[in-house]
Every structure is written in C-alpha cells, then in structure tokens.
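> Here is a sequence with its predicted model. Questions after.
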Amino acid sequence: NLLRSVDPEATRKLEAAPRQVQKAIVAKFDEEKGIIRNRSAWIMKAVTAEGGVAESASRKGDVRDDDFRRLRDNLLRSVDPEAKRKLEAAPLQVQKVIVTKFDEDKGIIRNQSAWIMKAVTEENSLRGFGDRNFPNRPHSQYRPTAGR
C-alpha cells in the first residue's frame, strides 16, 4: 500500500490531488517501489510533478494573514540571514506565494535558504519586480507558480 508508513502531510497532499493524478501516482509507485527510499518525499514530489497542486493556495498566495505571519515567522527562523533579508524585501504578494508554497513542499526541500533565494528571484522575475540587491544564483529545487 502506497500510504503505509508515510507522514500525514504526504497523505494529505496525495488525497487532495485530483483522482486522475492519484491513479497516475499509484501506478508509478507500483513500478518504482523497489527503489523508493523515502515514501513521503517521493509522494510530495510526485504529486507536484503530476500537477496535483494546481488548485493549491500557493498558486495565488491565498492564505489568511494570521496563518501567513505564523508560517513566515517560522520560515525566517530557519534560514540564513541573506535568505531572510531577500524574503523580507520581496513584495507582500510574492512573500505569500513563496511562504505558502514552502509550507506545502517543506518535506522535499533540502536547503531552505537556497530554496528561498531561488524562489524570490523567480517569483519577482515572473511578476516583473526587480531583484537588484541580490545576484541570480543557480538553485535547483524551486519551481515558480505563476505562468503555469
């Protein structure tokens, strides 16, 4: 069973995905189950890759203000000073998108500071905001939400 021994966040993410995405993920899991080491991370990544988060709050940054502040404060405590400055300097709507997306994908993000640096750069770029204070740096884990 795919959901055996996975964390609740991965279970919720899979269950929130459209039925066709769930079926595709179960089929892919059956093919790859012998090589999967971390089921929870695999599910989180698979749901995102299959487009199962299209209706998520991160697409628009829709999150209640008190939830946003709590999530942002927790995130800012876990990143390095440069990433903290970059996120705080971003427009509020960009912050909301990034914080919400981070909360959804935190189980698969390996380097939180690098992810934040990339996320702010990408979201600012997609929305036409400049990023003069911080150089572009290659990071691999962030996938922008706008324009999809």
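Done, it's in. Numbers count the residues shown, from 1 in each chain.
> which intervals of the chain have sub-threshold pLDDT?
For the chain, the stretches flagged by pLDDT under 70 are 1, 51-63, 129-148.
> which residues are contacting the helix or strand hosting K23?
Element membership of K23 [criterion: DSSP states H and E] is helix 19-32. In this structure, residues lying in contact with helix 19-32 by CB atoms under 8 Å, 6 or more residues apart in numbering are L2, L14, E15, A17, I36, W42, I43, A46, V47, E50, G51, G52. C-beta: built from backbone N, CA, C; applies to glycine.
> Generate CSV for the residues you listed, with neighbour count as supplementary columns.
Converted to CSV, the contacts of helix 19-32 look like this (neighbours: other CB atoms under 10 Å):
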residue, neighbour count
L2, 19
L14, 22
E15, 10
A17, 24
I36, 14
W42, 21
I43, 26
A46, 24
V47, 26
E50, 18
G51, 13
G52, 21
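> Please tell me how far the residue of the chain most remote from its centre sits from P8.
Most distant residue from the mean C-alpha position of the chain: G34, 26.1 Å away (CA atoms, centre = their mean). Relative to P8, G34 is positioned 25 Å away (CB to CB, to the nearest Å).
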